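1. Sequence plus the predicted model coming up.
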Amino acid sequence: MFVAVLFVFTIFAAQLLRIQAFDAAATQAAAMSKRSVKSITPAMRGQILDTNGQVLADSVERYTIAADPQAVPAYTVKVDGQPEVVGVSRAAADLAPLLGMDVSELTTLFTRAKTRYVVVKKDVNPAVWRQARALGIPGISATKTAERIYPTSMALGQIVGFVTPATQKGGGGIELMLDKTLAGSPGTMIAERARDGYIIPGSQRVDTPAVNGRDVRLTIDADLQWYAQNALAKQVTAVGAESGTAVVIEVATGKIRAAASYPTFDPNDLAHADPKAMGNYAFNDAFEPGSTGKLMTMATALEQKVVTPDTGVIVPSRLPRGGERFKDNEPHGVEDMTATGVIAKSSNMGTILIGERVPPPVMDSYYRKFGIGERTPVGFPGESRGQLAAASDWTGSRRYTVLFGQGYSVTAIQQAGVFQTIANKGVRVPPTLVEGTVNDSGTLVPTPAPTPVRVVSEDTAVKLSRMMEEVTGENGTASAARIKGYRVAGKTGTADRYDEKLGRYNGFTASFIGYAPAENPKYVVAVFIQKPSAGMFGGALAGPVFNQVMTYLLERDNTPPSTKSTLDYHVWSKVPLSDSDPKVISDAQARRDGL
């Protein structure tokens, strides 16, 4: 009997020990879990910097101030050395001037709110929060946040982009393109809540630390960008254009040093931003290039030994091809030109006569080597690839319009890249926009350099570059692009602009792309004016902006004046040309050759 009682007692003792030693711990943990609250601690977003380290986007410490309306009435201050409850009216009066709010507005918040948590003010700077906290108003608290600011404002808005306030995620530009790199990873904080629901002061502890985002350095030069943006905006306004783009690419590296667009927007003021201006026209807008596209046709013809710079070309007043009768912009009779003259005078018919001697599949392959019809490796949000139909679809009039820059579309970045290739002696370097990211030790980790691609021989590029100098010469179409003391190589462009909303052509694209000094260029500057209401020709409308931006670069870099060229090319044939001469390119010769 004693043994049985002892056994039962032992069981009860063991159960009591389990309840006291083990279940008590579990119960305590469960209770603690109910009292614990987990909150997100945001990571600090990385900076966006220009190539020289100038800050283009930054996150600054801010606070969201909140109030418990049930606690505010207990606000107490000392009056004549004695504590006195002064309540809501005094709390509102003391807090209002610090927060830039009306006393009546705060009084309403403190008295009419049905919840025990109301947001009083967002994006409060730390100094103001410290002053507000020092008042000692019961129920006033703050949550640390961050505000994204853009010191360069509108000048780089379309490149840097913006952060969507509601989500604090990138909404456009670099902010969207590199959102994961910039954003970092948020952490968590655990705190203990009292029975009344409030956080117990001093109970907060870090659960998972936040990992701040990394800084990103761009290839953009902010000072150059500002200058290009300003020059472009003035010209777009002056000629009543719908929009404009100015791109500067470094010849040897393909680095984009400026990509200005107008109209633009201020990422600091999204409420007043025009949604149509929040992309970047340099990447997003595709258009037919017009006569700047003749450069690829001529490069291919030179490379294929179809012409030399001095090959004679008999240009008629009209040229029937593909069911159309083609003409040049300026009416003229039969003219004896050279291949150089065809570029200098921007002759559509001369370009057709030369280009039709290259089979469409060959011409198409060179266009694609120049980067037409494919997106750049930049990866900019919303970037267009343009449109270039397969050579098998070059039928009817398209067989000929593509030769002078109509019937396919490009972006400003793509077309600037064509000229970079010629300026770089035939080697295309795909464009880059991101210099690199900054690691935890503060060291720049460079973006891998793009792989250069030879498109045409150095001989072809050098000859074509010299031919392009005649565009800014006495007989050329771009006198406004001339720069005293420097040899300027370039090409004008005027193209019909297709309007997808209307389903027809409406307006023009006027452009000029070039570089200086032509014998040793460091930068290509490409300018596009879209749908101007005053004028239509690229030399007159885009040429002045090119002149300003290129002059700025030459002066900034203390570039020495040009040396004289050893290549002597001519716009007009030195001797009368004959249709019967097999070395002369003409409509009659084309018919004899079955073209």
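-> Arrived safely, thanks for sending. Numbers count the residues shown, from 1 in each chain.
2. mind listing what the spatially most central residue of the chain touches?
-> The geometric centre of the chain, computed from its C-alpha atoms, lies nearest to residue 159 (Cα atoms, centre = their mean), at 3.2 Å. With contact taken as Cβ atoms under 8 Å, 6 or more residues apart in numbering, residue 159 is in contact with 56, 173, 174, 218, 220, 225, 259, 280, 433. C-beta coordinates here come from the backbone N, C-alpha and C atoms, glycine included.
3. Reformat these as TSV; add neighbour count, secondary structure and distance to residue 246.
-> Formatted as TSV, those follow (neighbours: other Cβ atoms under 10 Å; DSSP: H, G, I helix; E, B strand; the rest coil; distance: Cβ to Cβ, whole Å):
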residue	neighbour count	secondary structure	distance to residue 246
56	25	strand	18
173	26	helix	17
174	25	helix	19
218	28	strand	17
220	30	coil	13
225	24	helix	9
259	31	strand	8
280	27	coil	12
433	24	coil	15
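4. from these, which is closest to residue 574?
-> Taking Cβ to Cβ as the measure, residue 259 is the one of these closest to residue 574, at 43.1 Å.
5. The closest one and residue 247 touch, don't they?
-> Yes: the pair residue 259 and residue 247 qualifies as a contact (Cβ atoms under 8 Å) at a distance of 5.3 Å.
6. which other residues reach stretch 368-386?
-> By Cβ under 8 Å, 6+ apart, the surrounding residues in contact with stretch 368-386 are 161, 172-173, 176-177, 256, 279-280, 283-286, 296, 299, 367, 387-388, 408-411, 413-414, 417-418, 421, 428, 430-434, 450, 453, 455.
7. Narrow those to those that are buried.
-> With neighbours counted using 16 or more other Cβ atoms under 10 Å, the contacts of stretch 368-386 contain these buried positions: 161, 172-173, 176-177, 256, 279-280, 283-286, 296, 299, 367, 388, 408-411, 413-414, 417-418, 421, 428, 430-434, 450, 455.
8. follow-up on the earlier one: so the residue nearest to the centre of the chain belongs to a helix, correct?
-> Yes: when the secondary structure is assigned by DSSP: H, G, I helix; E, B strand; the rest coil, residue 159 falls within a helix.
9. Can you give me the distance of it to residue 280?
-> Counting by Cβ to Cβ, to the nearest Å, the gap between residue 159 and residue 280 amounts to 6 Å.
10. List the residues that are in contact with both of these two.
-> When contacts are counted by Cβ under 8 Å, 6+ apart, residue 159 and residue 280 have 173, 259 as shared neighbours.
11. wait, residue 476 sits on residue 470?
-> Yes: in this structure, residue 476 is within contact of residue 470 by Cβ under 8 Å, at 5.4 Å.
12. Show me the common contact partners of the two, please.
-> Common contact partners of residue 476 and residue 470 (Cβ under 8 Å, 6+ apart): 344, 571.
13. Just the buried positions in the strand or helix carrying residue 236, please.
-> Using DSSP states H and E, residue 236 sits in helix 222-238. Judged by neighbour count using 16+ other Cβ under 10 Å, the buried positions of helix 222-238 are 222-229, 231-233, 235-236.
14. Let me know the closest of the residues you listed to residue 212.
-> Checking the buried residues of helix 222-238 against residue 212 with Cβ to Cβ, the nearest one is residue 222 at 23.3 Å.
15. quick one: contacts for that closest one?
-> For residue 222, the set of contacting residues under the criterion of Cβ under 8 Å, 6+ apart consists of 50, 52, 54, 56, 152, 155, 156.
16. Now do it against residue 272, distance only.
-> In this structure, residue 222 and residue 272 are separated by 23 Å, where distance is defined by Cβ to Cβ.
17. how much space between residue 547 and residue 246?
-> Counting by Cβ to Cβ, the gap from residue 547 to residue 246 is 12 Å.
18. So if we follow the domain assignment, how does this structure break up?
-> Listed by automatic domain parsing, the domain ranges of the chain are 60-147, 222-592.
19. Strands along the stretch 201-350 of the chain, start to end?
-> Under the criterion DSSP state E, counting those that start in this stretch, the stretch 201-350 of the chain contains strands at 205-208, 216-218, 243-250, 256-262, 312-315, 319-321, 324-326, 335-338.
20. circling back: residue 547 and residue 246: which has the busier surroundings?
-> Using other Cβ atoms under 10 Å as the criterion, residue 547 and residue 246 rank with residue 246 on top: 32 against 23.
21. Would you quantify the distance from residue 391 to residue 410?
-> Distance from residue 391 to residue 410, by Cβ to Cβ: 17 Å.
22. Same question for residue 433.
-> Taking Cβ to Cβ as the measure, residue 433 and residue 410 are separated by 18 Å.
23. For the stretch 351-500 of the chain, just list every one of the helices.
-> Assignment of helices within the stretch 351-500 of the chain using DSSP state H, counting those that start in this stretch yields the ranges 360-369, 398-401, 412-423, 458-469.
24. quick one: which of those helices is nearest residue 591?
-> Going through these one by one, with Cβ to Cβ as the measure, helix 398-401 comes closest at 14.9 Å.
25. Show me the contact partners of the closest one.
-> Outside helix 398-401, the residues touching it (Cβ under 8 Å, 6+ apart) are 321, 322, 324, 326, 352, 355, 356, 360, 389, 407.
26. and if you look at stretch 440-455?
-> Under the criterion Cβ under 8 Å, 6+ apart, residues 217, 253-254, 299, 366, 369-370, 377, 421, 426-432, 434-439 lie in contact with stretch 440-455.
27. can you pull the buried residues of that stretch?
-> Of the residues in stretch 440-455, those buried under the neighbour-count criterion (16+ other Cβ under 10 Å) are 447, 450, 455.
28. Same question for stretch 544-563.
-> Using 16+ other Cβ under 10 Å as the test for burial, stretch 544-563 gives 544, 545, 546, 547, 548, 549, 550, 552, 553, 554, 559, 562.
29. Check stretch 88-100 too.
-> For stretch 88-100, using 16+ other Cβ under 10 Å, the buried residues are 88, 90, 91, 92, 94, 95, 96, 98, 99.
30. wait, which of the residues you listed is closest to residue 108?
-> Distances from residue 108 to these, taken as Cβ to Cβ, are shortest for residue 92 (8.8 Å).
31. Relative to residue 351, how far out is residue 344?
-> If you measure residue 344 against residue 351 using Cβ to Cβ, the figure is 12 Å.
32. in the stretch 101-250 of the chain, which ranges drop under the pLDDT threshold?
-> Regions of the stretch 101-250 of the chain meeting the criterion pLDDT under 70 cover residues 193-206.
33. quick one: the helix holding residue 236 to chain centroid distance?
-> The chain centroid and the centroid of helix 222-238 are separated by 15 Å, computed with Cα atoms, centre = their mean, to the nearest Å.
34. Can you list phi and psi of residue 331 for me?
-> In this entry, residue 331 is assigned phi and psi values of phi -60, psi 140 (degrees, to the nearest 10).
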